[in-house]
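Chemist: dropping a prediction and its sequence here:
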Amino acid sequence: MQHLLQRIASVDDLTEILTALEGHFKELFEQHRAGVVRWLVDACLRLKTGHAVVVKALQKAVGINNPKWDKTFVSSFFVFGTPNNNAISPMNCAILESLMSFPFELMGRTVDSFLAIDPPELVLYACDPTASRVIEAFMSSTTFNSHVKHKLIDCFIGSFVSLALHQFGSFVIEKLFLQANKTRRIAIAAELAGAEERLGRAKAGRMLLTKFKIPMFKRAQHVWEEQMRVNQKVHFFSYFLPFQLGVIYVFGLLLLMHDLRQRRFSRS
């Protein structure tokens, strides 16, 4: 089945398979065939269809019948299908990671359930080798807006030092910092600055002290703020410049082809 899903090339074929399987997601997890669901989710991403059906089927599988009021989907799905539902499932994390690329208009209830997780539990996920990737995917999502990303950052206020000290949490805090606005970046830097000595004794902590320029923040915050502003602009242009150059290149080719056609017509 997984090989079949990998080879699906048409929307009609995917729709047919979704129709056949959407009511059986729970059985697939119980039979330890979560990989089928994962490839189905990835097929929906690849073919840009079926997103709403998959989200609803996943919610139903974990027993969420009214996602508007029941905001436990994400926390339940992290452990769904594991013995006694008390261990984080790497396969489920991979599925959640893919869901973070679904269209935002279909993910509102899922995002709400993510933001409803208690902060201490979120910190545990952020320090887990697979669950942390889901949080990173949330922050890196190109479909989620800054508003919901800032809400997630706020859930970690008071826990930035704990993240910075951890091997995987340190990667999460980098994503948080990258997506934070000025106020939130200052909040992150202030927490880390207050624990500079403690962070300096840990490898992950030392790296973040350097990357976020925390000594400069403590010495001259106004200089640090200006440096962060410049860095953010550099990041913005480095992200969009390849796309802009590609557009210019294609536009140039079109102009060249148009010019060649005009010359041929003029000769004839």
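Modeler: Arrived safely, thanks for sending.
Chemist: where are the low-confidence patches of the chain?
Modeler: Low-confidence segments of the chain, defined by pLDDT under 70: 1-6, 233-268.
Chemist: now the helix or strand harbouring Ile135: how far from the chain's centre is it?
Modeler: For Ile135, the host element (DSSP states H and E) is helix 131-140. Offset of helix 131-140 from its chain centre (CA atoms, centre = their mean, to the nearest Å): 4 Å.
Chemist: helices of the stretch 51-200 of the chain, residue ranges please.
Modeler: 51-61, 73-79, 90-99, 108-115, 119-126, 131-140, 146-155, 160-164, 169-179, 182-193, 196-200 (DSSP state H, counting those that start in this stretch).
Chemist: what sits against the spatially most central residue of the chain?
Modeler: In the chain, the C-alpha nearest the mean C-alpha coordinate belongs to Ala137, at 1.6 Å (CA atoms, centre = their mean). Taking CB atoms under 8 Å, 6 or more residues apart in numbering, we find Ala137 in contact with 96-97, 100-101. Backbone N, C-alpha and C define where each C-beta goes, glycine included.
Chemist: what about it, distance to Arg38?
Modeler: 14 Å (CB to CB, to the nearest Å).
Chemist: what's the closest non-adjacent residue to Phe138?
Modeler: Met100 (5.2 Å; CB to CB, 6 or more residues apart in numbering).
Chemist: my guess is the one you found contacts Val148. True?
Modeler: No. Contact criterion CB atoms under 8 Å: Met100 and Val148 do not qualify, at 10.9 Å.
Chemist: between these two, tell me which one has more neighbours.
Modeler: Neighbours per residue, other CB atoms under 10 Å: of Met100 and Val148, the larger number sits with Met100, 23 against 19.
Chemist: tell me how many other residues crowd Val62.
Modeler: Neighbour number of Val62 under other CB under 10 Å is 21.
Chemist: next, it: phi, psi?
Modeler: phi -90, psi 0 (degrees, to the nearest 10).
Chemist: enumerate every residue touching Glu97.
Modeler: 133-134, 137.
Chemist: same thing but at 10 Å, please
Modeler: Going by CB atoms under 10 Å, 6 or more residues apart in numbering, Glu97 touches 38, 41, 130-131, 133-138, 140-141.
Chemist: gap between Cys78 and Ser132?
Modeler: Residue 78: Phe, not Cys. Distance, Phe78 to Ser132, using CB to CB: 11 Å.
Chemist: ok, Arg7 next?
Modeler: 31 Å.
Chemist: neighbour count: the two, which is higher?
Modeler: Ser132 (23 against 9).
Chemist: find the nearest non-adjacent residue to Ala194, please.
Modeler: For the record, residue 194 is Gly, not Ala. Closest to Gly194 by CB to CB, 6+ apart is Val161, at 7.7 Å.
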